[in-house]
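Engineer: got a sequence here, can you build the structure:
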Amino acid sequence: MSTDSLADQMSAAAAAVLAGLDDRQRTLAARPFAGDAARRWLEYRPRRRPGACLADLGVPARKAAHRLLATGLSEHAYAQAMTIVALEEVLDRKEPWRRGRHSGDYWVSVYGDPRGGEPWSWRFEGHHLSVTMTVAGDRVSPRAGLPRRQPRLRKLRGPSGLPAAGSGGGPGPGAAGRDGAAGQGGRRGGGPARPRASGT
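Structural biologist: Numbering: from 1, shown residues only. Below you'll find the predicted structure:
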């Protein structure tokens, strides 16, 4: 287990994300920390967002983005977040394929210099999931958008334990679970989480 502080782990993970991008991707992902409105802006609809899109990244850079997300979540919450990401493919079928949703439609951005010693932040965001962490010295402050529960696939299950084809599902815990992918029970770091409603 790493003995580095959470802030140090996030700094190293964010630097690894930026290092794994090409020049065009880095221009999209690396943003100034100044400008509070831009850092707090939240897009819950399935459309372009600030940052580099995971679908455009190679495997090493995409895994670096996943590792950055994992620094801010518990193991259980990270599993929930990845389930929400994967369910974009299920939702696309349920809609049926009208919007072209896909599990790569998540975006990563870094605000400020994670190695510079000044406050900085990072964001991992997509449909139904938004996680933002701000780092100032050793203090990590989460600002999370609550994960949503669409598609809901809890009602019927096939023999494998997975939802059966054609299941309409119900409003049960679903992928988000009780504590959410980035809610009070799933976050890491100091300071109170300040969830904002997101999703459709």
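Engineer: looking at the chain, which helix or strand is least sure?
Structural biologist: Lowest on mean pLDDT, DSSP states H and E among the helices and strands of the chain sits helix 36-40, with a mean of 61.
Engineer: going along the chain from that helix, find the next helix or strand for me.
Structural biologist: Using DSSP states H and E, the helix or strand that directly follows helix 36-40 along the chain is strand 52-53.
Engineer: residue ranges with poor pLDDT in the protein?
Structural biologist: For the chain, the stretches flagged by pLDDT under 70 are 1-3, 35-48, 144-200.
Engineer: state which helix of this protein is the longest.
Structural biologist: Among the segments of the chain that qualify as a helix by DSSP state H, the longest is helix 75-94.
Engineer: point me to the helix or strand that includes T132.
Structural biologist: strand 129-136.
Engineer: now that strand against helix 75-94, angle please.
Structural biologist: Using axes from the mean of the first three to the mean of the last three Cα atoms, to 10 degrees, the inter-axis angle of strand 129-136 relative to helix 75-94 is 140 degrees.
Engineer: and the nearest residue to D113 once chain neighbours are set aside, how close does it get to A14?
Structural biologist: Closest residue in space to D113, ignoring its immediate chain neighbours: W120 at 6.0 Å, by Cβ to Cβ, 6 or more residues apart in numbering. In short, each C-beta sits where N, CA and C put it, glycine included. Counting by Cβ to Cβ, to the nearest Å, the gap from W120 to A14 is 8 Å.
Engineer: shared neighbours of the two, which are they?
Structural biologist: 110, 114 (Cβ atoms under 8 Å, 6 or more residues apart in numbering).
Engineer: quick one, which of those two is more surrounded?
Structural biologist: Neighbour count, other Cβ atoms under 10 Å: between W120 and A14, A14 has more, with 30 against 24.
Engineer: now that one, what's its secondary structure?
Structural biologist: helix (DSSP: H, G, I helix; E, B strand; the rest coil).
Engineer: and the one 10 residues further on, by the same measure?
Structural biologist: When states are read from three-state DSSP, the local structure at R24 comes out as helix.
Engineer: so what's it up against?
Structural biologist: Counted by Cβ under 8 Å, 6+ apart, R24 has zero contacts.
Engineer: so which bits of whichever strand or helix holds T27 are buried?
Structural biologist: Using DSSP H and E, T27 maps to helix 23-29. Residues of helix 23-29 classed as buried by neighbour count (16 or more other Cβ atoms under 10 Å): 25-26, 28-29.
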